[in-house]
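Asker: Model the structure of this input:
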Amino acid sequence: MYKQALTALMAATLATGVVACSSTGERGPVEQSASNAGRVVDDSVITAKVKSALIADETTKAYQISVTTFEGTVQLSGSVDDSEARRRASQVAENVEGVRDVKNELQIRSGG
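Answerer: Purely as a prediction, here's the structure:
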């Protein structure tokens, strides 16, 4: 009798744990925060990769270009020397892993 009661108690405890740990499919604040933190890290990694690629490229002058990333979309801003540098910066950014889209807001410097 004691063994049966103990077995029943253990089964009930296990069942309660399984039900308590099951997912409802809804995302609570902790899951959303974790997701946002992961996205921010991913965006930071993409930004760093784009900046590194711009530094390594012979045509672009990375110090002239600001790079920001949001949800995989890279925005390039700043002033570059010519249209070739502007075009090449977009091309370099597009070839970086994780980049979904590139918004090229680079301005061409006037010959002043």
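
Asker: all contacts plus neighbour counts: C-alpha atoms, from now on.
Answerer: OK.

Asker: so who does Thr68 touch?
Answerer: Thr47, Val74, Gln75, Leu76 (Cα atoms under 8 Å, 6 or more residues apart in numbering).

Asker: Among these, which ones are in strands?
Answerer: Judged by DSSP state E, the contacts of Thr68 include Val74, Gln75, Leu76 as members of strands.

Asker: Make JSON lines out of those and add distance to Thr59.
Answerer: Shown next, in JSON lines, are those (distance: Cα to Cα, whole Å):
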{"residue": "Val74", "distance to Thr59": "19"}
{"residue": "Gln75", "distance to Thr59": "18"}
{"residue": "Leu76", "distance to Thr59": "15"}
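
Asker: For those, which single residue is the most surrounded?
Answerer: Ranked by the number of neighbours (other Cα atoms under 10 Å), the ones in strands among the contacts of Thr68 place Val74 first, at 24 neighbours.

Asker: Ser66 is in contact with that one, correct?
Answerer: No: the criterion here is Cα atoms under 8 Å, and Val74 misses it with Ser66 at 10.1 Å.

Asker: Asn104 belongs to a strand, doesn't it?
Answerer: Yes: assigned with DSSP: H, G, I helix; E, B strand; the rest coil, Asn104 falls within a strand.

Asker: And it, what's its pLDDT?
Answerer: What the model reports for Asn104 is a pLDDT of 98.

Asker: Repeat that for Gln32.
Answerer: Confidence score, pLDDT, at Gln32: 56.

Asker: Can you give me the end-to-end span of stretch 57-69?
Answerer: With Cα to Cα, to the nearest Å as the measure, stretch 57-69 spans 19 Å from end to end.

Asker: pLDDT of that stretch, averaged?
Answerer: 96.

Asker: can you give me the strands for this protein?
Answerer: Taking DSSP E as the test, the strands found in the chain are 65-70, 73-80, 101-108.

Asker: okay if I get these as CSV plus distance to Val92?
Answerer: CSV is the format used below for the strands of the chain (distance: least, Cα to Cα, whole Å):
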stretch, distance to Val92
strand 65-70, 12
strand 73-80, 11
strand 101-108, 10
